[in-house]
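> Quick one, fold the following:
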Amino acid sequence: LVTKVRAGVDFIITQLFFDNRLYFDFVKRARAAGITVPIIPGIMPITDAAQIQRMTQMCGASVPAVLRAEMERRRHDPIAMTQLGVAQATAQCVDLLLGGAPGIHFYTLNQSPATRMIMTALRVRL
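Numbering: from 1, shown residues only. Take a look at the predicted model:
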């Protein structure tokens, strides 16, 4: 990343993650390495357990055990899965923004209704 920043990138967007400690630790390490550009967290709202499994496997991300268990309980109920995803992502975004994240990048994968629900919830909470 240092090479990319020196080459002129204006900001960094992270891969998706579900544990905010990973983001805050990454930012701390990046700052220690001299990276000063904004680091924007990449959030993927949960709408489909199989999709999340594929995406996390592709990019090497992990899903905390508690969240995996909640997803498993809702695996056959798309409405409940989306409700879980909206609640989880909203709480995650609030924590990130209050913790100093410069913004949020949503990986929607053409599932914009969930992202719109999250944005509405964030307007109410922040």
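
> Specify the beta-bridge partners of the spatially most central residue of the chain.
Central residue of the chain (C-alpha atoms, centre = their mean): residue 43, 2.1 Å from the mean position. Bridge pairing for residue 43 (DSSP bridges) gives the partners residue 106.

> biggest helix in this protein, by residue count?
Looking across the chain with DSSP state H, the single longest helix is helix 78-98.

> would you list every one of the helices in this structure?
2-6, 20-32, 49-59, 65-73, 78-98, 112-125.

> State the mean pLDDT of the first one.
Looking at helix 2-6 alone, the average pLDDT works out to 91.

> Only the buried residues of it, if you could.
By neighbour count on 16 or more other C-beta atoms under 10 Å, the buried set for helix 2-6 is residue 5. (C-beta placed from N, C-alpha, C; glycine too.)

> From residue 87, how far off is residue 68?
Going from residue 68 to residue 87 by C-beta to C-beta, to the nearest Å gives 15 Å.

> do the same with residue 20
Taking C-beta to C-beta, one finds residue 20 at 15 Å from residue 87.

> do the same with residue 40
Taking C-beta to C-beta, one finds residue 40 at 22 Å from residue 87.

> Over to residue 47?
To residue 87, residue 47 is 12 Å away according to C-beta to C-beta.

> Quick check on these two: which one has the bigger neighbour count.
Applying other C-beta atoms under 10 Å to residue 47 and residue 87 shows that residue 47 carries more neighbours, namely 21 against 15.

> My read is that the more buried one contacts residue 80, right?
No: assessed by C-beta atoms under 8 Å, residue 47 is found out of contact with residue 80, at 11.0 Å.

> where does this protein have low pLDDT?
126 (pLDDT under 70).

> how about a cut-off of 90?
1, 109-112, 124-126 (pLDDT under 90).

> CA atoms of stretch 62-72 as PDB?
Coordinates of each C-alpha in stretch 62-72 appear next as PDB, following Å, rounded to 0.1, in the frame of the first residue of the first chain:
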ATOM      1  CA  SER A  62     -13.800 -14.200   8.300                       C
ATOM      2  CA  VAL A  63     -17.200 -14.100   9.900                       C
ATOM      3  CA  PRO A  64     -17.300 -14.100  13.700                       C
ATOM      4  CA  ALA A  65     -18.800 -17.300  15.200                       C
ATOM      5  CA  VAL A  66     -21.700 -15.500  16.800                       C
ATOM      6  CA  LEU A  67     -22.700 -13.900  13.500                       C
ATOM      7  CA  ARG A  68     -22.300 -17.200  11.600                       C
ATOM      8  CA  ALA A  69     -24.700 -18.800  14.100                       C
ATOM      9  CA  GLU A  70     -27.200 -16.100  13.600                       C
ATOM     10  CA  MET A  71     -27.000 -16.500   9.900                       C
ATOM     11  CA  GLU A  72     -27.400 -20.200  10.100                       C
END
